[in-house]
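Participant: 3D, please:
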Amino acid sequence: MDKNKKMYEHFVPQEIFLTKGIGRHKEKLASFEEALRDAQIASYNLVPVSSIFPPHCKTIPVAKGVKSLRSGQILHCVISRNTSNEHKRLISASVGLAIPKDPKTHGYISEHHSFGETEKMAGEYAEDLAALMLSTTLGIEFDNDTNWNQKEEIWKMSGKIVRTTNITQSAICVDGLWTTVVAAAVFVK
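Facilitator: Numbers count the residues shown, from 1 in each chain. Next up, the predicted model:
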């Protein structure tokens, strides 16, 4: 294997998995820990990174991704989180992913957290945001006044974006407890 390719593979993740979780506790920090446990990423040292989906990266199931990890390992991830203790408050955390058709080109991952949005609304927004960021790097142009449905049609017609997806967790807060929601794109290998 050529030295540059080996170095590239060492620094650029080859796989990614999407996960989400919810936690509730009387302590704010403990509710975050519970959300990470629910997402199966509590036993790792998480390092938030910005929003690039690496070229040639493959999405894998959570179970496969977690199986390849060791407790205490440093994990780079794009993570969204939201917390509240306001009774009956709707909160959400979402990560959107836009993958280009050309596997040699990088894609985008977006994070979005909101209040009062349903899981579907927050997820679609995060997904659209990732596609918007990717489209601007691929030279797909449209007027800023274009609505989301029109933008999606332009992206599809361009043939340059192959897939978009999201993972989203929402929750309604309960009286007397902190509620935390997380969504993450976790890089492995």
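Participant: Report the contact partners of residue 179.
Facilitator: Taking CB atoms under 8 Å, 6 or more residues apart in numbering as the criterion, residue 179 is in contact with 22-24, 31, 83-85, 89, 91, 171-173. Placement of C-beta: from N, CA and C, glycine included.
Participant: can you tell me which of these are in helices?
Facilitator: residue 31 (DSSP state H).
Participant: Need the buried ones from the contacts of residue 179 selected in PyMOL.
Facilitator: One line in PyMOL is enough to select the buried ones among those; burial here means 16 or more other CB atoms under 10 Å:
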select buried, resi 22+23+24+31+83+84+85+91+171+173
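Participant: The contacts of residue 179 into JSON lines, with extra columns for distance to residue 139?
Facilitator: Formatted as JSON lines, the contacts of residue 179 follow (distance: CB to CB, whole Å):
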{"residue": "22", "distance to residue 139": "39"}
{"residue": "23", "distance to residue 139": "42"}
{"residue": "24", "distance to residue 139": "45"}
{"residue": "31", "distance to residue 139": "43"}
{"residue": "83", "distance to residue 139": "39"}
{"residue": "84", "distance to residue 139": "40"}
{"residue": "85", "distance to residue 139": "45"}
{"residue": "89", "distance to residue 139": "41"}
{"residue": "91", "distance to residue 139": "36"}
{"residue": "171", "distance to residue 139": "39"}
{"residue": "172", "distance to residue 139": "42"}
{"residue": "173", "distance to residue 139": "43"}
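Participant: Ramachandran angles for residue 65?
Facilitator: Dihedral pair for residue 65: phi -60, psi -50, per degrees, to the nearest 10.
Participant: Take the contacts of residue 179 and keep only those in strands.
Facilitator: With DSSP state E as the criterion, strands contain 22-24, 83-84, 91, 171-172 from among these.
Participant: dump the residue contacts of the most centrally placed residue in the chain.
Facilitator: Nearest to the mean C-alpha position of the chain, counting by CA atoms, centre = their mean, stands residue 95 at 2.8 Å. Under the criterion of CB under 8 Å, 6+ apart, the contact partners of residue 95 comprise 18, 78-80, 109-112, 126, 166-168, 183-185.
Participant: mind checking the longest helix of this structure?
Facilitator: Determined from DSSP H, the single longest helix within the chain is helix 119-137.
Participant: picking up where we left off before, how near is the residue nearest to the centre of the chain to residue 176?
Facilitator: Residue 95 sits 29 Å away from residue 176, going by CB to CB, to the nearest Å.
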